[in-house]
Every structure is written in C-alpha cells, then in structure tokens.
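# only geometry, no sequence info:
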C-alpha cells in the first residue's frame, strides 16, 4: 500500500492571547493525505482550518501532536531537510491583493523561490519564469509588470506560478478562490486541476464553500471549532453525511437551482458559532445541534470510523450508544 | 419592441479568436510614476520644490558672483548695507554677507542631510527589527527607545557638544542622537501592519531568511512613509542647528551656519536689521519649502493618509 | 403588479482628474410592489452603484448621474433636494449593507441607533420608540432584546449585527428594502438564517426587496425576478425560472455553468468564462461581453445589442436573438428541467 504523503496526528495549536486567555484554534485533529489526491478541509470562520494549513507548512509551531511529511516531522527539520521541505510544500493564499508584494515585478515575485534557494539566475531564471507564466495561462509580456495592473484572477495565477516555481509535491491552497468573482473561480479551479494531472501534485484545499470543496476534493474533512467533525470520500459525504453539522452545511449550501433549492430537505442550524475562546463542553456542536442529548454536554465524542473510511465524532454513532 | 433593424448578413459571422480584444491590462503606471503625477498636481509642493532647487543652485554658484569670501575680515567696511558687489552688505567684522549666507546655507543643509541620513539608517534598522520580531524583542527595544526619548534632547545635545569638538559631523551626530526615534516609530508601526500580509507569509513558506523578508519585502513597502518622515526631519534639523548656534553651542567662527548668522544679526538688529533679514529669509525659505514638499509627498505617496 | 420604482436610462460616471469611469451605462428596470428582485453580477458590474446612485448615497463628485430618471411613487428621485431625499431614505426606502460593522455606529448603543430613526421619521416618544425597538429586535430573531438594546455593536456577533441592521432598516416599515450583499460576509449557516429571515419578513410586511448579490445560489433561494448585470448594463432580466431554466444570454449561461452543483461529477471540468470584464474607462463600443463570449460575431464588436423581449418578463440584450444570427443551443439547458 502506498504511504500517505502527509500525516497529521493529534495536532493542537493554541494561541496564548492573554495571561489567562487561550485560543484553542486547533484542538486535536488527525488525518492523512495520500500522494496525488486532493484533500478538502471545510468549515466556517473560527473553525481552525486556516490555522491547520499554516501549522502544517510550519508557519506556526505546534502546541501538541505532530505533522509528518513523507514520514519526517515537519517541525523538527534542520538544514538540508528543512530546505527540501520548503521546496516540496508550497502554499496558495486567499487574498490575491495581499499575497503579492506590490513593489515587486511579476518576474521577481515568481522567481522569489528560485532566488532564495539559488536554483537559477540570469537567463535561465528568466526562462523558468516565462515558462511558468505560460503554464498558468499568462504570457511573457506580463513578467515586467506589477501586481496592481492585474485582475484578481490573474493575480491568483501569478500566486500559483510562484508556488510552482519550486516544483513542489504538495500545495496547500488556503481559500484560493473565495475572493474571486464567480466566473473567474472556475478558471482557477480548472487550472489547479489541470496542474494536478500534469504534475502529480497533492492538494490540501481549504475553503468554506462546500459545493466547490466537494467538487475538487477526493476526500473532505469537516471542521468545527478546532475539531474534526467528519471525514469521508467526497461523494460519500454528500450522499450520506453522518454528522448533524455536515447535514446542516449541505442543506444550507446555496445551490444555483430554484427547484432543487425549494424541494430539498432543510436542516437549519440554529444559533451562532460559539466563541472559540470559550467552547462548549463535551461535543462542541451540541449548542446548535438538533439532536443534542444529555451525554453530548458531558462527554467528548470519540473520533472513530463509523463506516469503512468514513470517520465521525458524534454521540449518535458511538458504539456504546446506538441510534 | 421586436422591430429588428436590418444588418448586413456578414456581420453575423462568428468572430475568430484572434479578432477579439483579448484582456487589456491597465495602463502601465508604476508606483513612483503615479506618485509623481499626484505630486505635480499639488501646487504648493511644486513651488516648494522649485524654491529649494533655486536656492541650492544659488548656494553653489552664487559665491562666484563676487570676489569675496566668507572669512576675510575688513574692519573698515563693517556693517555696510548693500553696496558694490557686497549684494547683502557686510557684517560687524566687515565680512561679505552674500558669501556668508550661502556658505551658511550649505553648512546648515549639510548638517541636516547628515542628520537625516543617520536618522534613516538607525531608525529603519531599529524600527524594522523591533516591529518585525515583535514580542519580547519589541518590548525591550521599545523600552530603550522610550528611555532615550524621555531625556530632554537639549540636555543630551549640550552634554554631547561638551565632549565633541563643535563641527559639522558632531552637530549632526548630536541631532540624530534622539532624532531617529520618530523614524523608528514610523517604521515599526508600518512593519507591524505589513508583516502579517500574505506575501510575507508566502516568502516565509519558501524559506526566506528574516533578513530577506525585512529588507527585500517589508522596507521597500515602507519607503513612502520613510521619505515623508525624512522631508519633515530635514527642516527640524535645520531649525535645531540654528537653535544650537543661537545659544552658542554651534560651529566656531569664522565658520558659519544660518543659525550663527541669525544670531550675529540679532545682536545688531536695531542698528542694522539687514544683517538679520538675509539669513532669516534664506532660513525661512528652506523651512517652508521642505514643509511644502513634505505635505505634497505625503499626499502623493500615501493618498489614504490625506483625509 | 403596481410598479414602485421605475428606473430608466440611468447613466452614472465617476470622474477624477485624469479619467472617467462609466460605471452605469443606461440601465432600465422596474420594481413592482411586494416583489423580490435580485441583481446579480461580478464586482464592477455596477449592481451596487446603481442602487447607491438611486439612493443618492454616492459622493458627488466624483460620482455623477449623467442622465436618467428614477421614479419612486411618481416622484423623480434624481431631482429631489437633499432634504426631501432624507425623508425618503430610511422611511420609504431602506438599505442594508454587506458589512454591518461599518454601517452601525460603534460608539452608540444598538437600541439608541434604532430609536433615533423612529423618533425622527415617525415622531414617536422615546418610550414608544424603545418599545418598538425591542419589538423589532425580537422580530429579527435577536434573543433577549430588552438587554441587547443596551449593548454596543461590537458586543454583537456578525450575524447578530446583520439582524440588528435589518431591524433598523425595518424600523419605519419601508416600502422598499435594498439589501446590498447582506450575506456575503457571513458564514454559510448564518447566511441561511438571514435569508430565511428576509423571506419571512417579506411575507409578513409585503414590502419589496432588491437583493444585490454575486451568488446565484442565494438568488435561487429568495428572488422572484432576476436582473443580470455586466459592465454597467443589464444584459438579461427575467423571472427566476426564466433565468435559471431558460437563460438566453451567453454570460448568464457562463455564470450558471461555472458554479459546481453539489452533485456535479468530478470527472468533467467546470465550464469557465475566459478572461475578465472590460475596463469601464474605455468601454467597448459593442457588446461588453464580446471578448469573453464563445459565440461572438462581428456585429457584437461594432454595435450594442438591441434588447429583445421573449416574454412579458424576459428581456435579453444579445445579438444571438437577431433573426440573422446563427442558431445557438443553450449549453446549460440540460441543467434545468
């Protein structure tokens, strides 16, 4: 069997905001990503999905647990291995306006990694950048220009080219399309899929839009307040969501079809997302869950495989208390 | 509604891909080009720039217009108002004021530029490091900065001037002893704001060093505020140098700066007002132009700050 | 249906020293009483600017209404004085925005912000106004409203703030509510709650709603009628079913096809619209969609398409509707029923 390219084991990331205020942004999540697949991570604001991505790529240290990339602990890499990791894993960011340095030309932006790792210089550096521009659907003449001259979609392409320059194996895409217009979102998603096929990339795709995540991902993890609620194949997750939160997300996701929108069963999630500074006891979703039971407030649900390859953390499916 | 106009049938042939106007990019206008356009639109700033250019020009070529120099005394010709080629007259020791005013202007500007340069170097490095690393580093560095800034700078300067020979460089050093603090604050505030930008994260994920991120990504984006701070620090350095000379801590005769000339003129104000008038006029023009330019640059480089 | 708001030939330009942006280039539409009309388009399509200029909220200069008529109950809003306009705003036509944090005053208690407009427009006493505010907050689903009115906006969550904004907008029972991307900044589950709330309120009060959004999914949930905007023009307008199941403009086709359905197969690519919208500094002479349109013809580049009517409610501005144009099959027809 192939080894997973990325293993996240019991990852915790807490931020000390104040002397006695701790934000548990990510609080013990585990998943694995196989080479060549797209793993989607969805959830609403404050669920910790972006923090997870940033901890995996070692922008943040861990508070607990570990992240293994190709079997090596990402947060303990040194010297040569560290350099290799910085090339192998790349990130695409959400805000196409903030993710490109406004004072640098497109050439310098895309070549940043080449310069840092001293991979190419002079003529060959130029050649690499031109080729990357073509790959992402821009052209040579764009290299001398500056980010503000481009539209959101074009900037996102530049961001993708910058990541590709390092010839990575793994790309974390942190809400790469949520700041783009609808008609441009599809362009970027199609480009990402094309590149995946051509270069055998593995993606961790982070987003809040369930329909897009479901479309692009092979497997999807649903996060809620720092915990993983459910993880399954994307088709399975769509056809048979187990966790009440996933059910709610699916039934509230806007779909561009009036008849379907009217006919589908609506599971409305009531109330607001509780503050991650002070999450509910037991199951974190219990305050908004239509099926909340007494046990939910007292006991943390166990993260378990309810069906083959379908994981869920919910008391409705715990062995000790069948439906 | 459906009374359709008749058109030539050929118009309804499909358009080849090459015939479509592909994406047209916004006109290429760099940050600096754009800023220059905004700067030009500001009349005050433009006047300031013209004034300061003219003044510098005269300061350098003016001394060749007559055969005097700034140090030769001629007691028989003291305190004369404009005559012959003494365009500005002479002072109490009979030295040519035209020569002395332009020499003094050059000295004052030189001191100001050196002081501003030191402010930038120290302020950018200190503020940059403090803002970029944040946390404990920032806390310690900010306390140091506060301590330096809490000592009245006149005290520091007087102490320094007692140790150092009064000269152009020592005065500049004394001025920037506390002068870099506002610069450091400006830079730190900007860096704090910018360091969470995604392009900084992107550089970090690619393994960029702190040095590279700070000096290749962050500082270039702070250039606008830095330049603005410099243009405002130059007139304040000139003013402070004048003040030092005025209280007798400045350069030694026969050397001159605008401050010394103003001081000399002030002593004979009631008898020979022209001796105060000329250096004071040049001093005022310099101060005014730099302030005008500073305002213009602020609007041009940082259009959001205007409101 | 009686028309409440009739806009004809509206042109809005933003002028600065060195350029002119022709943001709205001739927009005509009618909002009937009790109708929910969605305006869809990408950023820069002019959907928000249209209504901000109708409400005369744009600073002039740089904005300028060059031409056009905005009839509200028989009065032309473009010709009203600022004082008369203030009487319309809030009382007759209310507006809610994308970011409730910037539209609520952070230093004033939420209750006071609502009572103030009640006291101004409806001449209620402060006690009456307070009771009415509590009632309104309750109506929009804010729990324990009598305590909540004494809180400041920052003590509200994003969803609660949007509810408070809606309560404020409804304070004077306006005939028309303009909702400018009211759910865009909210999380999916909260977005659904707000849409439900707006639907309920519309059913109860019978006011008209203009819903400005870029999200066709939201449109499908709430609208009776849809206007699709592109580059400062309305390119297609029709009932909800007409736009979703019988769209006629290639841009509408593209928009519909580029959104993945929840049951979309992963094997096929999303249909995408190439390129990006034209600059409105120098808008193209012909159809603004030409450069991105897979069916573009020569005429599209040279002439602005005529508006053709295919049913009482369905209008399209596209040369493909011309009898001389080649037959093009709607590529998204299969998506409907």
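Looks like it came in fine. Remember, predicted model here, so these are calculated numbers, not experimental data.

# make it CA atoms for all contacts and neighbour counts henceforth
Fine.

# so which residues of the chain form helices?
With no chain named, the answer covers chain A. Assigned by DSSP state H, the helices in chain A fall at A:49-56, A:79-88, A:106-110, A:112-116, A:122-135, A:152-164, A:182-199, A:210-216, A:234-239, A:244-252, A:258-263, A:294-298.

# not quite, I wanted chain B
Counting by DSSP H, chain B has helices at residues B:31-41, B:43-61, B:97-133, B:135-150, B:153-163, B:168-194, B:198-205, B:210-212, B:219-246, B:258-267, B:274-301.

# ok, residue C:148 - contacts?
C:110-111, C:142 (Cα atoms under 8 Å, 6 or more residues apart in numbering or on different chains).

# turn these into CSV, including secondary structure, pLDDT and distance to chain A.
Formatted as CSV, these follow (DSSP: H, G, I helix; E, B strand; the rest coil; pLDDT from 0 to 100; distance: Cα to the nearest Cα, whole Å):
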residue, secondary structure, pLDDT, distance to chain A
C:110, helix, 85, 19
C:111, helix, 84, 21
C:142, coil, 82, 10
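
# per-residue pLDDT, the residue of chain C found nearest chain A?
Closest to chain A within chain C is residue C:217: 4.0 Å, counting by Cα to the nearest Cα. Residue C:217 carries a pLDDT value of 87.

# what's near enough to touch it?
Contacts of residue C:217 (Cα under 8 Å, 6+ apart): A:253-257.

# cool, and residue B:208?
So residue B:208 contacts residue A:116 (Cα under 8 Å, 6+ apart).

# from residue A:116, how far off is it?
Counting by Cα to Cα, to the nearest Å, the separation of residue B:208 from residue A:116 is 6 Å.

# before we move on, what about residue B:189?
On the measure of Cα to Cα, residue B:189 and residue A:116 end up 27 Å apart.

# next: residue A:27.
For residue A:27, the distance to residue A:116 equals 34 Å [Cα to Cα].

# ditto for residue A:101
16 Å.

# for the two, indicate the residue with more neighbours.
Neighbour count, other Cα atoms under 10 Å in any protein chain shown: between residue A:101 and residue A:116, residue A:101 has more, with 25 against 16.

# tell me the spacing between the more buried one and residue B:194.
10 Å.

# and for residue A:207?
Counting by Cα to Cα, the gap from residue A:207 to residue B:194 is 24 Å.

# and those two? Which one has more around it.
residue A:207 (24 against 20).

# contact partners for the nearest residue to that one once chain neighbours are set aside?
Leaving aside its sequence neighbours, residue A:207 sits nearest to residue A:175 (Cα to Cα, 6 or more residues apart in numbering or on different chains; 4.7 Å). Residues counted as contacts of residue A:175 (Cα under 8 Å, 6+ apart) are A:93-94, A:205-208.

# of these - the most surrounded one?
Highest count within the contacts of residue A:175 by other Cα under 10 Å belongs to residue A:206, 26 neighbours.

# look up how far residue A:34 lies from residue A:4.
4 Å.

# any idea how far the residue positioned nearest the centre of chain B is from residue B:246?
The centroid of chain B falls nearest to residue B:231 when counting by Cα atoms, centre = their mean (2.4 Å). Between residue B:231 and residue B:246 the distance is 23 Å, computed by Cα to Cα.

# cool, residue B:35 as well?
To residue B:246, residue B:35 is 38 Å away according to Cα to Cα.

# between the two, who's got more neighbours?
Between residue B:35 and residue B:246, counting by other Cα under 10 Å, residue B:35 is the more crowded of the two (21 against 18).

# adjacent strands (with direction) for the helix or strand where residue C:4 lies?
With elements taken from DSSP states H and E, the one containing residue C:4 is strand C:3-15. Strand C:3-15 sits in its sheet next to strand C:20-32 (antiparallel), strand C:63-72 (antiparallel), going by DSSP bridges.

# what about the longest one, distance to the chain center?
Using Cα atoms, centre = their mean, to the nearest Å, the distance from the centre of strand C:20-32 to the centre of the chain it belongs to is 12 Å.

# and after whatever helix or strand residue C:237 lives in, which helix or strand comes next?
Using DSSP H and E, residue C:237 sits within strand C:233-239. With elements assigned by DSSP H and E, the helix or strand that comes after strand C:233-239 is helix C:240-245.

# tell me how many other residues crowd whichever residue of the stretch 1-150 of chain C sits closest to chain B.
Using Cα to the nearest Cα, the closest approach of the stretch 1-150 of chain C to chain B is made by residue C:17 at 9.4 Å. Using other Cα under 10 Å, the number of residues around residue C:17 comes to 7.

# helix/strand/coil for it?
coil (DSSP: H, G, I helix; E, B strand; the rest coil).

# mind listing what the residue in chain A that chain B sits nearest to touches?
Nearest residue of chain A to chain B, counting by Cα to the nearest Cα: residue A:99, 4.0 Å away. Residue A:99 is in contact with A:93, A:159, B:197-200, B:202, counting by Cα under 8 Å, 6+ apart.

# give me the residues contacting the lowest-mean-pLDDT helix or strand in chain C.
Here the helix or strand of chain C ranked lowest by mean pLDDT, DSSP states H and E is helix C:100-103, holding a mean of 72. Contact with helix C:100-103 is made by C:97, C:153-154, C:158, C:161-162, C:165, as judged by Cα under 8 Å, 6+ apart.

# among those residues, give me the pair with the biggest separation.
Spatially, the most separated pair among the contacts of helix C:100-103 is C:97 and C:154, at 16.6 Å (Cα to Cα).

# which of these two has more neighbours?
Counted by other Cα under 10 Å, residue C:97 and residue C:154 do not tie: residue C:97 has more neighbours, with 21 against 15.

# what sits against the residue lying closest to the more buried one once chain neighbours are set aside?
Distances taken as Cα to Cα, 6+ apart place residue C:180 nearest to residue C:97, at 4.9 Å, with adjacent residues excluded. Residue C:180 is in contact with C:48, C:95-98, C:211-213, counting by Cα under 8 Å, 6+ apart.

# what do you get if the cut-off is 10 Å, keeping everything else the same?
C:38-39, C:47-48, C:51-52, C:95-99, C:210-213 (Cα atoms under 10 Å, 6 or more residues apart in numbering or on different chains).

# inside strands: which ones of the residues you listed?
Using DSSP state E, the subset of the contacts of residue C:180 located in strands is C:38-39, C:95-96, C:210-213.

# check chain C for the residue nearest chain B and tell me.
residue C:297 (4.1 Å).

# which ones are touching the residue nearest to that residue when sequence neighbours are not counted?
Among residues not flanking residue C:297 along the chain, residue B:14 sits closest, at 4.1 Å (Cα to Cα, 6+ apart). Residue B:14 makes contact with C:294-300, C:325-326, according to Cα under 10 Å, 6+ apart.

# so which of those residues are in strands?
Using DSSP E, none of the contacts of residue B:14 sit in strands.

# please indicate which of those are buried?
Among the contacts of residue B:14, the ones that count as buried by 16 or more other Cα atoms under 10 Å in any protein chain shown are C:294-300, C:325.

# got JSON lines for those, with distance to residue A:131 and pLDDT too?
Shown next, in JSON lines, are the buried ones among the contacts of residue B:14 (distance: Cα to Cα, whole Å; pLDDT from 0 to 100):
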{"residue": "C:294", "distance to residue A:131": "27", "pLDDT": "85"}
{"residue": "C:295", "distance to residue A:131": "30", "pLDDT": "86"}
{"residue": "C:296", "distance to residue A:131": "30", "pLDDT": "84"}
{"residue": "C:297", "distance to residue A:131": "33", "pLDDT": "85"}
{"residue": "C:298", "distance to residue A:131": "33", "pLDDT": "83"}
{"residue": "C:299", "distance to residue A:131": "36", "pLDDT": "83"}
{"residue": "C:300", "distance to residue A:131": "34", "pLDDT": "85"}
{"residue": "C:325", "distance to residue A:131": "40", "pLDDT": "77"}
